[in-house]
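K.L.:
Quick one, structure for this:
(2 chains)
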Amino acid sequence: MHPISYFQALVLGLLQGASELFPISSLGHSVILPRLLGWDIHQNDDYFLTFLVATHLATALVLLGFFWRDWVRIVRGLGRSLRDREIAQGDADADARLGWLLVIATIPAGLLGLTLEHALRSVFASPTSAAVFLFGNGLMLFGAERLRRHAPVRRGTDYSDERIAREVSYREAVLVGAAQAIALLPGFSRSGATMSGGLLVGLSNVDAARFSFLLATPIIGAAAALKLPELAGSQGDGVRGPAFVGALAAAVTAYLSVRFLVRFFETNRLTPFAVYCTVAGALCLAIFAVT
Amino acid sequence: MTKRPALIVPAVLAGVLLLALAALYFADSAASLPSFIPGHEAGSAHHHVKHGIATALLGLAWLVFAWFQSGPSSSKPTATRGFE
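P.N.:
Numbering: from 1, shown residues only, chains lettered A, B, ... in the order given. Sure, this is the predicted structure:
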């Protein structure tokens, strides 16, 4: 008997792949949904964490594949700047500058994740906490749209990466990257935090989304890779089959999600997701209160 | 980015020290760590791998910073905001 059935793995995988990239908190949904469906799955169970490693790894690989050409350009840019011991200013080498913005933004999130993940997970693992934070995530998205510096759509002739490289300073990259740490609280969204941060530092929705997706790949991939030995080791016994199914399902929905969202944010805002999170968070709180 | 050559030596020192500390975290159990190092725990056989990774990342960041500071000064006009 598997601790997670194949059907549960399929549902949770589909949910994880989609909700990881939509700014609605995949972890929050993975905590809330089992409670709503009456499944005996808890966020702090070892097998569930091992299962999540597989679905996160799948999501990271999909993102890497989707933005493969961009990553090749960015890594080449990083190599050029290291060789020259110089990060060219302005649009002279946007790939190098974007690459270093991503590196600098990933460091604080990585450090905070490494040091705080276990403590926060232990304290805020309950579905009720996740519902409260999901509501808070909605407010965060509303706030970002309200406090944004620029119009949601900015049509320009230059490429999105050049705009990001030009408009985001290193200090702002640190702040946007550190904002990802809020996603350690189940219910707050990593992509929601980075998109909100992007809007606050002056990016348009489409640029903020692109920066968020590029930021997601190293942090999700590294987090999954760090825990991969658990999936391969004894902790993965009995859960590898469902984890594989969940990973495949997550890969499919992650691919469809990123394709959809890249186009969605060309003309749309975070507001629909803010509405969803506040309503879903409040509804879940009400349901948990009466059940 | 404005070059500050005076920061090269301190940055290299910080980077090397942090990498050495990271090696200590990987190699020694929590009980074997010197008592002034965060993570020391008497009687614990646990290895603070995450502490090690975090420390190594910080060390590498300092070394990369030193590497860029040692490069030629840029004469191009600044068009972006940042540390400059």
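K.L.:
From here on, just use CA atoms for contacts and neighbour counts.
P.N.:
Noted.
K.L.:
Alongside chain B, which residues does the stretch 51-200 of chain A contribute?
P.N.:
Taking Cα under 8 Å from any Cα of the partner chain as the contact definition, the stretch 51-200 of chain A meets chain B at A:82, A:84-87, A:89-90, A:107, A:110-111, A:114-115, A:166-171.
K.L.:
least trustworthy helix or strand in chain B by mean pLDDT?
P.N.:
helix B:49-69 (a mean of 91; mean pLDDT, DSSP states H and E).
K.L.:
For the stretch 51-200 of chain A, which residue gets nearest to chain B?
P.N.:
Nearest residue of the stretch 51-200 of chain A to chain B (Cα to the nearest Cα) works out as A:Ser169 at 4.3 Å.
K.L.:
if I look at that residue, how far off is A:Ser204?
P.N.:
15 Å (Cα to Cα, to the nearest Å).
K.L.:
Those two: who's more crowded?
P.N.:
A direct count of neighbours by other Cα atoms under 10 Å in any protein chain shown for A:Ser169 and A:Ser204 places A:Ser204 higher, at 28 against 19.
K.L.:
Report pLDDT for that one.
P.N.:
Here the pLDDT value assigned to A:Ser204 is 88.
K.L.:
Need the phi and psi values for it.
P.N.:
Phi and psi for A:Ser204, reported as degrees, to the nearest 10, are phi -80, psi 170.
K.L.:
ok, now how distant is it from A:Glu266?
P.N.:
For A:Ser204 relative to A:Glu266 (Cα to Cα), the value is 9 Å.
K.L.:
got it, and A:Leu141?
P.N.:
Distance from A:Leu141 to A:Glu266, by Cα to Cα: 17 Å.
K.L.:
Could you pull up phi and psi at A:Phe188?
P.N.:
Here is the backbone geometry of A:Phe188 (degrees, to the nearest 10): phi -90, psi 140.
K.L.:
What's the local residue count around it?
P.N.:
Taking other Cα under 10 Å as the definition, A:Phe188 ends up with a neighbour count of 30.
K.L.:
can you tell me which residues contact it?
P.N.:
A:24-25, A:28, A:133-134, A:136-137, A:182 (Cα atoms under 8 Å, 6 or more residues apart in numbering or on different chains).
K.L.:
Now go through the residues you listed and say which are in helices.
P.N.:
Among these, the members found in helices (DSSP state H) are A:28, A:133-134, A:136-137.
K.L.:
need the helices for the stretch 1-150 of chain A, in chain order.
P.N.:
A:6-21, A:26-37, A:46-66, A:68-84, A:94-123, A:127-147 (DSSP state H, counting those that start in this stretch).
K.L.:
Please convert those helices to a markdown table, extending it with distance to B:Pro5 and mean pLDDT.
P.N.:
A markdown table is the format used below for these (distance: least, Cα to Cα, whole Å; pLDDT from 0 to 100):
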| stretch | distance to B:Pro5 | mean pLDDT |
| --- | --- | --- |
| helix A:6-21 | 42 | 93 |
| helix A:26-37 | 45 | 90 |
| helix A:46-66 | 37 | 89 |
| helix A:68-84 | 16 | 94 |
| helix A:94-123 | 20 | 86 |
| helix A:127-147 | 39 | 94 |
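K.L.:
can you redo those helices as a markdown table with mean neighbour count and distance to B:Leu63?
P.N.:
Formatted as a markdown table, the helices of the stretch 1-150 of chain A follow (neighbours: other Cα atoms under 10 Å in any protein chain shown; distance: least, Cα to Cα, whole Å):
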| stretch | mean neighbour count | distance to B:Leu63 |
| --- | --- | --- |
| helix A:6-21 | 24 | 33 |
| helix A:26-37 | 21 | 35 |
| helix A:46-66 | 23 | 27 |
| helix A:68-84 | 16 | 12 |
| helix A:94-123 | 20 | 14 |
| helix A:127-147 | 23 | 35 |
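K.L.:
how about these, which one is nearest B:Phe68?
P.N.:
B:Phe68 lies closest to helix A:68-84 among the helices of the stretch 1-150 of chain A, at 7.4 Å (Cα to Cα).
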